[in-house]
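*Asks:* Kindly return the folded structure for what I paste below:
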Amino acid sequence: MKSLICAENLSFRYHGSKNWALKEVDLKISQGEFVLICGQSGSGKSTLLRCFNGLVPQFYQGDFVGEVFVDGMNAKHTPVYKLSQIAGLVFSDPESQLITLEVERDVAFGPENLGLNREEIVERVEWAINSVNISHIRHKPPFELSGGEQQKAAIASILALKPKILVLDEPTANLDPVSAKNVIELVSSLNSKGVTVVCAEHRLEMLSSHATRVIVLNEGSILMDDRPEKVFSSDIIEEIGIEAPSIYRFIKFAKDTGVNLPLLKSWKELFQLLHQGTIVDKT
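*Replies:* Have a look, this model is predicted:
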């Protein structure tokens, strides 16, 4: 499968800082993956995402070592406006990306700045708005929207650029549980339609069942890179202060007490097994 993102011996230190935000990171992300990046605050998650569209080191300057290739383009030397059409970055604070007085205008802003013709812009705006189901708020000012609606509008504004990769930096950080669930289901739906997703997030409970791969960062280095069930069943993440989703903690507890459970992704799967009588108490 084709690698859309390739980082080789990547290290970065922000200008004026003594500490390296990233240290010798090597990774490849293939087309169609849903990659969840987790780690404590300050572990390098946001910095790594900014490398994928050239903001690091072109906007955030500092000591940059190694290489990052995005769809074959060197992220250090390729203009950000070109990379943004491949790797679209959605920030944790959607208000920072919504700059006009109407949602529709925000969604059109990117294609307009690419110099596309009117017909293409209209087509992209319609597709992006329909993709995230926000037709009912297309003419509203962003400041009147809820947090979840703002996040969907920000995602639509990035989708209008038709990126191959959707990069999200803690998309549920400012959302209530219901809005967070809606945004995550939206992102998962886009992934099922072929959009590669790379998401950095603290709230792992809802995201873990959608990710196909989990990368754990610790002090700027990759500590683990594996399937969700392997990562979240490991004792290593607990050692660095990351709490595994509850389903995986339950599985670990069951095994510690002598009940052999399969590696499940959700409570729904567990309840199905219990209903079928597949899981029987050891006593």
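
*Asks:* what stretches of the stretch 151-283 of the chain score poorly on pLDDT?
*Replies:* Along the stretch 151-283 of the chain, segments meeting pLDDT under 70 span 258-283.

*Asks:* now what about stretch 152-159, what contacts it?
*Replies:* With contact meaning C-beta atoms under 8 Å, 6 or more residues apart in numbering, stretch 152-159 is reached by 88-91, 94, 97-98, 103, 106-107, 109-110, 127-129, 131-134, 137, 142, 145, 166, 168, 171, 182-183, 186-187, 190. For every residue, glycine as well, the C-beta is placed using N, CA and C.

*Asks:* Can you flag the buried ones in those?
*Replies:* For the contacts of stretch 152-159, a burial check counting by 16 or more other C-beta atoms under 10 Å picks out 88-91, 94, 97-98, 103, 106-107, 109-110, 128-129, 131-132, 134, 137, 142, 145, 166, 168, 171, 182-183, 186-187, 190.

*Asks:* Give me the subset of these lying in strands.
*Replies:* Gly88, Leu89, Val90, Leu166, Leu168 (DSSP state E).

*Asks:* Dump these to a markdown table, plus distance to Leu4.
*Replies:* Below are those laid out as a markdown table (distance: C-beta to C-beta, whole Å):
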| residue | distance to Leu4 |
| --- | --- |
| Gly88 | 12 |
| Leu89 | 14 |
| Val90 | 17 |
| Leu166 | 11 |
| Leu168 | 15 |
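
*Asks:* from those, which single one is nearest Glu119?
*Replies:* Taking C-beta to C-beta as the measure, Glu119 lies nearest Gly88 of these, at 21.6 Å.

*Asks:* My read is that Ser188 contacts Leu36, right?
*Replies:* No: with contact defined as C-beta atoms under 8 Å, Ser188 does not count as touching Leu36 (11.3 Å).
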